[in-house]
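Participant: Predicted model and sequence below, questions to follow.
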Number of protein chains: 2
Amino acid sequence: MNKSKKVTIHDIAKRLNVTASTVSRSLNNNPRISDKTKKRVLKMAKELNYKPNSIASALRNGKTQIIGLLVPLIDRAFFSSIVRGVEQVAEGFNYHVIVSQSYENLENEKKALKAFLNTQVDGVLVSISKTTTDISHLQDVVESGIPLILFDRSIPQLQADQVVIDDYQGGYEATTHLIEQGCKRIVHFTTGRDLSIYKERYRGYADALAYHGVALDESLVLSANSQLEDGRKHAENLLKNNIDFDAIFSASDFCALGAMQVLKENGIKIPEEVAIVGFSNEPFTSFTEPSISSVNQYPIEMGKTVANLFFDALNTGKDVLPKKTVIQPKLIIRESSLRNK
Amino acid sequence: MNKSKKVTIHDIAKRLNVTASTVSRSLNNNPRISDKTKKRVLKMAKELNYKPNSIASALRNGKTQIIGLLVPLIDRAFFSSIVRGVEQVAEGFNYHVIVSQSYENLENEKKALKAFLNTQVDGVLVSISKTTTDISHLQDVVESGIPLILFDRSIPQLQADQVVIDDYQGGYEATTHLIEQGCKRIVHFTTGRDLSIYKERYRGYADALAYHGVALDESLVLSANSQLEDGRKHAENLLKNNIDFDAIFSASDFCALGAMQVLKENGIKIPEEVAIVGFSNEPFTSFTEPSISSVNQYPIEMGKTVANLFFDALNTGKDVLPKKTVIQPKLIIRESSLRNK
DNA sequence: TTTTTTTGCTCAATGCATTGCACAACTTAT
DNA sequence: ATAAGTTGTGCAATGCATTGAGCAAAAAAA
């Protein structure tokens, strides 16, 4: 054992023949303490290598200076960039970030939130899992009195700040782009779950078709699970059943990639015969061959926005009405959808 | 405000006409308390919806139940899998994991470790950044008395538990495989920094060449920075300078990809003209065309091992000698290096 | 029955920083 | 010179759970 007993404000106080109160006030720059005393305290603190015990402060003033951040999967570029954005802002406020993953599973999500509350984080930032149906655990967070901010995958009916991208716009842009490339029979990969982001992307898809006078064929709208495998299966089925299609707008990059693999294996030319657009702008989309067009969600900005909303909420009471922030996405056009070069 | 005053053990005590001590001991299943009392306490605790104040416990027994995990970059599949492994083990011990990133920068690394100590984590798990030269900040952690475990990128001279993969073996296997594919002029991408993992991979490369009687040409050993761009530049230079080579063994998947892109752009056939093997088994290596052979480091297992070492250290004192655990990697052979199909 | 042991609980201190209140010393106003 | 205000610090309680020591009552042993 080499922990040579932690230095406390009492140790400093003793050395200076003052009380711990004076030391505490000096360190907190309280105006009631004379500059002379403050200086002496600061000097002694440095001399003894005093480190404030954050646990004791936390116990006293109920703030742990920790934010709980819960994402479905951290190895998705989108979410790890969110983490990055949140961390950047938090650092400026001297806050720490605890990251947990739900692995797209409601039970894990509940556990993680409980753990957050248990650790007494000062706020919770969540992107819900795809399997999240009831929201009682989120309600619990709200009721515990700490700020809750949802991002990306939001729950409109929940009384909490939310940050989302304009998924409708993303879907609309992607689809419009495909139409402009001359596509008429555009397959859409969405998800079976009723996450609003996927519904919105679908709405954008449907509206873009309508606006350009292209008939919406519901048999071209397929539910997937955001995994590469799902994209592969759908593509295989489309081919097997001889479905006529000339484009795919996938709400997930991974699905888009899976489908592209199968199409290529079957000698189908991309983008000439089938044009493809994904969603999320995962880094790998620029590594594939052809590179995959995708919708950039600006995750770092989203992370920053989310963190800032938290700090806002921390200052203002939470009697304020929930704020909803919408970030504009942008279609990144790559080889998989660019026909007229 | 709807936080209706936190329930404490004193509230439970009052209701049951016992003292807080009794309640505390009951909740901790202390043998000195009768089963009857324990049951009454547990029942009342549930009734009042009591949640233990972990901060108060932390203050009392000096354990926060939090592990600090520091990685260079969380969006590398290798590291996010490490996180996953650590979390899985930690959960079983009712521990939380705080993840921070150094972004491959020494200053960030120092800051993050300070933040960990400040939060009073019970242990620190670190993979150092590439720019880490002095180790005083790590020494500080050791001296603070909490367990420190290094993983992947280790510092042999530091008195701390370390978990690494057998990078030598990985380098040896990869190189041998290339030789077996008939390659004689094997380029090696390493890194300029003196991280032991890269040195070991290089050693494996050199020894494999020697063992198979292939001359080591130092002009084929190139320093890169693990970025896609570096791989591109090196490949461009190799071509521009008309260097004779028929394979690349890259210590980084990203570099391998960059080089492959350039080679393909120049009409060079892979693996027929140049065979390629990367390192880390990033998911994208199976998405590219051709898919890239790579060395799997079993990161989830590594994460688990690291976490387990921490819990070992937590129980045994830290007077024990530092342990070094080595995990065996495995070469995953894909299209980019398989000539004789 | 008396002594010893065990059982079951209470008391009070501890971990450390924070803060309302009190009070003395000093300054300024009257 | 006295009343009133200001300044600088100390006192003691607070936040909550934990734990060694102590003590009374009940059970077991002598």
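Facilitator: Everything's here; your move. The structure displayed is predicted, hence computed values, not measured ones. Numbers count the residues shown, from 1 in each chain, chains lettered A, B, ... in the order given.
Participant: Give me the pLDDT value at the residue lying closest to residue A:334 once chain neighbours are set aside.
Facilitator: Once its chain neighbours are removed from consideration, residue A:334 has its nearest residue in residue A:291; the separation is 3.9 Å (Cβ to Cβ, 6 or more residues apart in numbering or on different chains). C-beta coordinates here come from the backbone N, C-alpha and C atoms, glycine included. Predicted confidence (pLDDT) at residue A:291: the value is 94.
Participant: Residue A:291 and chain B, how far apart?
Facilitator: Noted for residue A:291: a distance of 10 Å to chain B, by Cβ to the nearest Cβ, to the nearest Å.
Participant: Might one say that that residue is in contact with residue A:333?
Facilitator: No: taking contact to mean Cβ atoms under 8 Å, the distance of 9.8 Å between residue A:291 and residue A:333 leaves them out of contact.
Participant: Low-confidence ranges, the stretch 151-300 of chain A, go.
Facilitator: For the stretch 151-300 of chain A, applying pLDDT under 70 flags the ranges A:193.
Participant: switch the cut-off to 80
Facilitator: When the per-residue scores of the stretch 151-300 of chain A are filtered using pLDDT under 80, the ranges that remain are A:192-194.
Participant: Can you show me the helices along it?
Facilitator: Taking DSSP state H, counting those that start in this stretch as the criterion, the stretch 151-300 of chain A carries its helices at A:167-180, A:196-211, A:228-240, A:253-265, A:299-315.
Participant: What are the phi and psi values at the residue lying closest to residue A:184 once chain neighbours are set aside?
Facilitator: Of all residues not flanking residue A:184 in the chain, residue A:214 sits nearest, at 5.8 Å (Cβ to Cβ, 6+ apart). Dihedral angles phi and psi of residue A:214 (degrees, to the nearest 10) take the values phi -100, psi 130.
Participant: Tell me how many other residues crowd residue A:214.
Facilitator: Number of residues near residue A:214 (other Cβ atoms under 10 Å in any protein chain shown) recorded here: 16.
Participant: Also residue A:144?
Facilitator: Neighbouring residues of residue A:144 were enumerated by other Cβ under 10 Å; the total is 17.
Participant: was I right about it contacting residue A:117?
Facilitator: Yes: the pair residue A:144 and residue A:117 qualifies as a contact (Cβ under 8 Å) at a distance of 5.8 Å.
Participant: Would you map out the domains in chain A?
Facilitator: A:9-52, A:62-165+A:299-327, A:167-297+A:331-337 (automatic domain parsing).
Participant: Same list, those domains, but as a markdown table with distance to DNA strand C please.
Facilitator: A markdown table is the format used below for the domains of chain A (distance: least, Cβ to the nearest atom of the strand, whole Å):
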| stretch | distance to DNA strand C |
| --- | --- |
| domain A:9-52 | 3 |
| domain A:62-165+A:299-327 | 9 |
| domain A:167-297+A:331-337 | 39 |
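Participant: Can you tell me which residues in the stretch 1-150 of chain A are near DNA strand D?
Facilitator: Residues of the stretch 1-150 of chain A found near DNA strand D (Cβ under 7 Å from any atom of the strand) are A:17-22, A:25, A:32-34, A:36-37, A:56, A:59-60.
Participant: so which of the helices of the stretch 151-300 of chain A gets nearest residue A:106?
Facilitator: Comparison of the helices of the stretch 151-300 of chain A against residue A:106 by Cβ to Cβ identifies helix A:196-211 as nearest, at 16.6 Å.
Participant: got the contact list for that closest one?
Facilitator: Residues external to helix A:196-211 that are found in contact with it (Cβ atoms under 8 Å, 6 or more residues apart in numbering or on different chains): A:152-156, A:164-176, A:179, A:186, A:188, A:190-191, A:215-216, A:221, A:249, A:251, A:279.
Participant: buried subset of those residues?
Facilitator: For the contacts of helix A:196-211, a neighbour count by 16 or more other Cβ atoms under 10 Å in any protein chain shown gives the buried set as A:152-155, A:164-176, A:179, A:186, A:188, A:190-191, A:221, A:249, A:251, A:279.
Participant: one step back: residue contacts, the residue nearest to residue A:184?
Facilitator: Neighbour list for residue A:214: A:179, A:184, A:186 [criterion: Cβ under 8 Å, 6+ apart].
Participant: and stretch A:296-315, is it in reach of chain B?
Facilitator: No: no part of stretch A:296-315 sits close enough to chain B to count as contact by Cβ under 8 Å from any Cβ of the partner chain; the gap is at least 10.3 Å.
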